[in-house]
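Participant: Give the three-dimensional model of this entry:
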Amino acid sequence: MKKILLWICIILFTGCSSEPIISSSTDNQANSITQAQTVSFEKSGLRTYIDIFESKLFYMEMENTNADFYVYDFQTGFKHKIASISDFALKGRSKIIVDDTLYFYISTYYGDGMKNVLYAMDFSKMKMEPISENKYSQKLIPVIEMNKQIVALQGDFFPDGSRNTFLEVIKESGQIEQVTLNSNAASSFTDVYTEHNIIYIDSDNEYLYTLEKNVHASSAEYYIVKYTFNFSTVEAIDISSIFIDYAITDNIGVFYAFDNYFCITDYSGNSILCEYSVDGIDVLLCENDLEYVPNSSNNTKYEIFYVRNTNNIYRLDTQKGTLDIRNYDTENGQSVIRCVLAYGNMLIIVKNSLLETDLDEKIYFLSYEE
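Facilitator: Numbers count the residues shown, from 1 in each chain. Predicted structure coming up:
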């Protein structure tokens, strides 16, 4: 029977010993964050904090359709302008670091439409440049890394209006290959469907995970399908009930999978963190504005989450199955978290003041201690 752990205002339901244990911690938190390296930027809703690599914070600032990209180095205290892009339209949340290079897609205006450009930000050379582009209808493109290859979910429309989704694999040599996944493992559980699409992809350095949708005449079914890096199907998990029970829409903003966990956030702000096994699916967290924090370094056993506009950061120990929460309120309730980034055991925490007279946002660079 499905076991549910539903968090509303940090309410805890205790159950079987196999369920995650959520604990709170306040000891040494104030010292941890106040002793961190800090920098203040002027508040700006047009600034996007993209990622962190070692001590380098990579971010973007917008003005009309122009986007400027910068790196602030906490080690040197200097800010570097990296690149400028005109005709900027969209940037997805998905990105991946391979060695010392960050890859992410940007859509730019092109005539009456938009084109999608894959950029590479090389932190060792402090250089950002495009490496491929396309005009597919898929926007906000998910991108992952598999065996040093860049894999992106692409999609386009057939003449009859139905959608075709496929993977685009960019090899180390630069060669590009299209791959259409055979999702028989998912379709074998269902009757004949009228349409099948891949909604999102992710990878945990061992397997490829896809979030897939089968459309029937009057309903839709959703699956997480697990593949080897050779694109052979391992298993399919029916999560249709999750979409129904928690009112998740299929307009998915992010999807992450790791070990036996997955996290889904739709564009309505609904987020859900689940653990799955042969016994079923356990819902560990279900909160609005819950954000997963991707970590490009493998030197940590934890997965990090935070809740926007609060001071709460969750840490999931995937080995022990435990979940703890820390509150990073060090200014007497006068600031809240805007954004969190992670690299190894280091965090970037961007906090906004709630005081109208405070025109700065403070950025903390600190170690997430045991």
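
Participant: which residues does residue 198 bridge with?
Facilitator: Bridge pairing for residue 198 (DSSP bridges) gives the partners residue 212.

Participant: Any idea how many residues pack against it?
Facilitator: 22 (other C-beta atoms under 10 Å). Every residue, glycine included, has its C-beta placed from N, CA and C.

Participant: wouldn't it be in contact with residue 209 here?
Facilitator: No - applying C-beta atoms under 8 Å as the test, residue 198 and residue 209 come out as separate, 10.6 Å apart.

Participant: Identify the contacts common to the two.
Facilitator: Shared contacts of residue 198 and residue 209 (C-beta atoms under 8 Å, 6 or more residues apart in numbering): none.

Participant: which ones are touching residue 53?
Facilitator: 97, 100, 102, 123, 296, 343.

Participant: Now do residue 131 against residue 144, distance only.
Facilitator: 16 Å (C-beta to C-beta, to the nearest Å).

Participant: So between the two, which is more surrounded?
Facilitator: When neighbours are counted by other C-beta under 10 Å, residue 131 and residue 144 differ, and residue 144 comes out ahead with 22 against 14.

Participant: on contacts alone, who are the packing partners of the host helix or strand of the more buried one?
Facilitator: Secondary structure assignment for residue 144, by DSSP states H and E: strand 143-146. In terms of contacts (3 or more C-beta pairs under 8 Å, 6 or more residues apart in numbering; DSSP states H and E), strand 143-146 is packed against strand 88-98, strand 101-110, strand 149-157, strand 195-203.

Participant: Include distance to residue 50 and mean pLDDT when you put those into TSV, please.
Facilitator: TSV is the format used below for the helices and strands packed on strand 143-146 (distance: least, C-beta to C-beta, whole Å; pLDDT from 0 to 100):
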stretch	distance to residue 50	mean pLDDT
strand 88-98	7	93
strand 101-110	7	96
strand 149-157	17	93
strand 195-203	18	90
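
Participant: Please point out which parts of stretch 253-268 sit buried.
Facilitator: Buried residues in stretch 253-268, defined by neighbour count with 16 or more other C-beta atoms under 10 Å: 253, 254, 255, 256, 257, 258, 261, 262, 263, 264, 265, 266.

Participant: and that stretch, how far from the chain's centre?
Facilitator: 7 Å (C-alpha atoms, centre = their mean, to the nearest Å).

Participant: What segments of the stretch 1-150 of the chain are helices?
Facilitator: With helices called from DSSP state H, counting those that start in this stretch, the stretch 1-150 of the chain shows them at 29-34.

Participant: Residue 72 contacts residue 61, correct?
Facilitator: No - with contacts counted by C-beta under 8 Å, residue 72 stays clear of residue 61, the gap being 11.6 Å.

Participant: So, low pLDDT: which residues of the protein?
Facilitator: 1-32, 34, 183-194, 217, 298-299, 331-332, 369-370 (pLDDT under 70).

Participant: Try it again at 50.
Facilitator: 1-21, 26-28, 30-31, 188-190 (pLDDT under 50).

Participant: shouldn't residue 234 be in contact with residue 209?
Facilitator: No - assessed by C-beta under 8 Å, residue 234 is found out of contact with residue 209, at 9.6 Å.

Participant: tell me, what's touching those two both at once?
Facilitator: 226, 227.

Participant: you'd agree residue 246 is up against residue 270?
Facilitator: Yes - using C-beta under 8 Å, residue 246 is in contact with residue 270, at 6.6 Å.

Participant: Now do the shared contacts for these two.
Facilitator: residue 286.

Participant: Redo the buried residues of stretch 253-268 as CSV? Include distance to residue 309.
Facilitator: Formatted as CSV, these follow (distance: C-beta to C-beta, whole Å):
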residue, distance to residue 309
253, 17
254, 18
255, 23
256, 21
257, 26
258, 25
261, 24
262, 24
263, 19
264, 20
265, 15
266, 18
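
Participant: Of the residues you listed, which is the nearest to residue 79?
Facilitator: residue 254 (28.1 Å; C-beta to C-beta).

Participant: In space, what's closest to that closest one - neighbours in sequence excluded?
Facilitator: residue 265 (4.7 Å; C-beta to C-beta, 6 or more residues apart in numbering).

Participant: thought that neighbour was touching residue 251?
Facilitator: No - applying C-beta under 8 Å, one finds residue 265 not in contact with residue 251, separated by 10.2 Å.

Participant: quick one: contacts for residue 146?
Facilitator: 169, 203, 208, 229.

Participant: What about residue 82, how many residues nearby?
Facilitator: So residue 82, with other C-beta under 10 Å, has 18 neighbours.

Participant: Pull up the gap between the residue lying closest to it once chain neighbours are set aside and residue 38, please.
Facilitator: Of all residues not flanking residue 82 in the chain, residue 69 sits nearest, at 4.5 Å (C-beta to C-beta, 6+ apart). In this structure, residue 69 and residue 38 are 22 Å apart, going by C-beta to C-beta.

Participant: More neighbours: those two, which one.
Facilitator: A side-by-side neighbour count of residue 69 and residue 38, using other C-beta under 10 Å, places residue 69 first with 20 against 15.

Participant: Hmm, residue 80 and the more buried one touching each other?
Facilitator: No - contact criterion C-beta under 8 Å: residue 69 and residue 80 do not qualify, at 9.5 Å.
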